[in-house]
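Q: quick one, fold the following:
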Amino acid sequence: MSLWLPGPMPAHMLEASTSPDSSPSDSAANDALDAYSQAVVGAVELVGPAVVSIYVGADAGRGDATNRERGGAGSGVVVTPDGYVLTNEHVVQRVDEARVTFVDGRSVPAIVVGRDPATDLAVLRAQAAALPYAQLATTKAPRVGQLVVAVGNPLGFESTVSAGVISALGRSLRSRQGRLIEGIVQHTAALNPGNSGGPLVDAQGRVVGINTAIIAMAQGIGFSVPAATAQWILTEILTQGRVRRAYLGISVRDRPLDLRLVRALSLSVNRGVEVIGRDDTGPAVESDLRPGDLIVGVNGTSVDGVDALHRQLSRWQVGSPLTLEVVRRTRSLQVKLTPREPAG
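A: Sure thing, here's the model as predicted:
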């Protein structure tokens, strides 16, 4: 085996290699870099003025340099010209008032209009008008490999930008309440504490997600609540004052099904949701649903666990009747009930 060591390059080759227009590949690389840079710069210029830093608690009363050095609770993005701001629920979970600071240095008070721990989203109202705002990208689904840019306030450094690509769609992330947040966007734009609640935007500056979490000890893995979910939460809070969800009034747990029972009843799942209790004032008390029943379907759609049941109920219209497919001992039957909102 011989080891090749590079020697001096002949003069004519050296001259060709250093000539600015001698390498088509170098020119193409520069063009590609320029296009990439232009896309990122353009997105930031569009959304940047709408991104805010959010301060809560004792820090909320000050928008001065000392406050900024401490770092805000998180980030947010203005989504209407009259000052409605989307952020994470965990950023404002224990407060009703906050302060938002814009990239131009303005700092104004804000109130928490509504929150939804199940999706880790909250809506604030900044006490200002005619504000720059960002658009939610709800008409066109994002695609894996698409360029995305995260803008926020990580570690107290305002207006920080990181770029990456969407690496996966349709992920699930469990909220602090234990519910699964569906349709999560996984991406590679770097996130750090303080990015929470900031926007993830596409090359046109449209918000494709609200950044919500990172995985500790992982590199290049960030998560955002999708724009479609954010739009739904925003609409519910602005029109109803809260997020309405169908409530059955039962306590449940996952339960594997006996394989003999699965075969005998021709079930499409081998796990179900066992009813272990009923709320005395809930809709289930008014139906034939009983403790010990195993829910295996909702309106003809199979459910194989609590998460699947939540998924079916999450967008169900409150007050509209539904049919549960239930296994009771060795029989399969249907139970009708009408979900409503939980009391309080």
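Q: what sits up against stretch 210-221?
A: 75, 77, 86-88, 120-121, 150, 152, 164, 167, 173, 181, 184, 186, 188, 190-192, 195-200, 222-225, 227, 230 (C-beta atoms under 8 Å, 6 or more residues apart in numbering). Heads up, the C-betas are built off the backbone N, CA and C, glycines and all.
Q: what about the strands in the stretch 51-200 of the chain?
A: Assigned by DSSP state E, counting those that start in this stretch, the stretch 51-200 of the chain shows strands spanning 51-56, 74-78, 84-87, 97-101, 107-116, 121-126, 147-152, 160-174, 180-187, 199-201.
Q: again, but for the stretch 201-344 of the chain
A: Using DSSP E, counting those that start in this stretch, strands in the stretch 201-344 of the chain cover 207-214, 222-226, 250-256, 271-278, 294-298, 301-302, 322-328, 331-337.
Q: show the contacting residues for the closest residue to Thr119 other than its chain neighbours.
A: Leaving out its chain neighbours, the residue that sits closest to Thr119 by C-beta to C-beta, 6 or more residues apart in numbering is Ile181, at 5.3 Å. Listed by C-beta under 8 Å, 6+ apart, the contact set of Ile181 reads 118-120, 172-175, 212, 225, 229.
Q: again, only using 7 Å
A: Going by C-beta atoms under 7 Å, 6 or more residues apart in numbering, Ile181 touches 119-120, 172-173, 175, 225.
Q: if I read this right, Tyr133 contacts Val79, doesn't it?
A: Yes. Tyr133 lies in contact with Val79 (C-beta atoms under 7 Å); the separation is 5.6 Å.
Q: neighbour count for the two, which is higher?
A: Per other C-beta atoms under 10 Å, whichever of Tyr133 and Val79 has more neighbours is Val79, with 23 against 19.
Q: what pairs with the residue nearest to Thr119 across the strands?
A: Beta-bridge partners for Ile181, by DSSP bridges, are Leu173.
Q: ok, now Thr160?
A: Gly152.
Q: run through the residues that contact it.
A: 152-154 are the contacts of Thr160 under C-beta under 7 Å, 6+ apart.
Q: need those in a markdown table (columns: pLDDT and distance to Val243).
A: A markdown table is the format used below for the contacts of Thr160 (pLDDT from 0 to 100; distance: C-beta to C-beta, whole Å):
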| residue | pLDDT | distance to Val243 |
| --- | --- | --- |
| Gly152 | 90 | 24 |
| Asn153 | 83 | 26 |
| Pro154 | 76 | 28 |
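Q: which of these sits closest to Asp307?
A: When the contacts of Thr160 are compared for distance to Asp307 (C-beta to C-beta), Gly152 wins out at 29.2 Å.
Q: what sits against the closest one?
A: Counting by C-beta under 7 Å, 6+ apart, Gly152 makes contact with 51, 75, 160, 194-195, 198, 211.
Q: try 6 Å
A: Counting by C-beta atoms under 6 Å, 6 or more residues apart in numbering, Gly152 touches 75, 195, 198.
Q: burial measure for the second one, as a count.
A: Just to be clear, that refers to Asn195. By other C-beta under 10 Å, the residues close to Asn195 number 28.
Q: isn't it up against Pro154?
A: Yes. With contacts counted by C-beta atoms under 6 Å, Asn195 reaches Pro154, the gap being 4.7 Å.
Q: okay, the strands of the stretch 51-200 of the chain, which one's buried deepest?
A: strand 199-201 (a mean of 32; mean count of other C-beta atoms under 10 Å).
Q: can I get the contacts of Gly152 in TSV with pLDDT?
A: Formatted as TSV, the contacts of Gly152 follow (pLDDT from 0 to 100):
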residue	pLDDT
Ser75	95
Asn195	88
Gly198	95
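Q: pLDDT below threshold where in the stretch 201-344 of the chain?
A: 216-218, 343-344 (pLDDT under 70).
Q: any idea how far Ser287 is from Val161?
A: 53 Å (C-beta to C-beta, to the nearest Å).
Q: actually Pro49, not the one I typed
A: 52 Å.
Q: identify each buried residue in stretch 236-256, please.
A: Judged by neighbour count (16 or more other C-beta atoms under 10 Å), stretch 236-256 contains these buried residues: 236-237, 243-250, 252, 255.
Q: which one of the strands of the stretch 201-344 of the chain lies nearest to Leu313?
A: strand 294-298 (7.4 Å).
Q: now the residue nearest to the spatial centre of the chain. Nearest residue, chain neighbours left out?
A: Ranked by distance to the mean C-alpha position of the chain (C-alpha atoms, centre = their mean), the top residue is Val225 at 1.0 Å. Distances taken as C-beta to C-beta, 6+ apart place Ile210 nearest to Val225, at 4.8 Å, with adjacent residues excluded.
Q: pairing partners for the one you found in the sheet, please.
A: Taking DSSP bridges as the rule, Ile210 bridges to Pro199, Val225.
Q: how far away is it from Asp254?
A: Look at Ile210 and Asp254: by C-beta to C-beta, they are 29 Å apart.
Q: quick check: can you list the domain ranges of the chain?
A: Here the domain assignment for the chain is 33-243, 250-337, based on automatic domain parsing.
Q: now do the end-to-end distance for the shortest one.
A: Just to be clear, that refers to domain 250-337. Terminal residues of domain 250-337 are spaced 12 Å apart (C-alpha to C-alpha, to the nearest Å).
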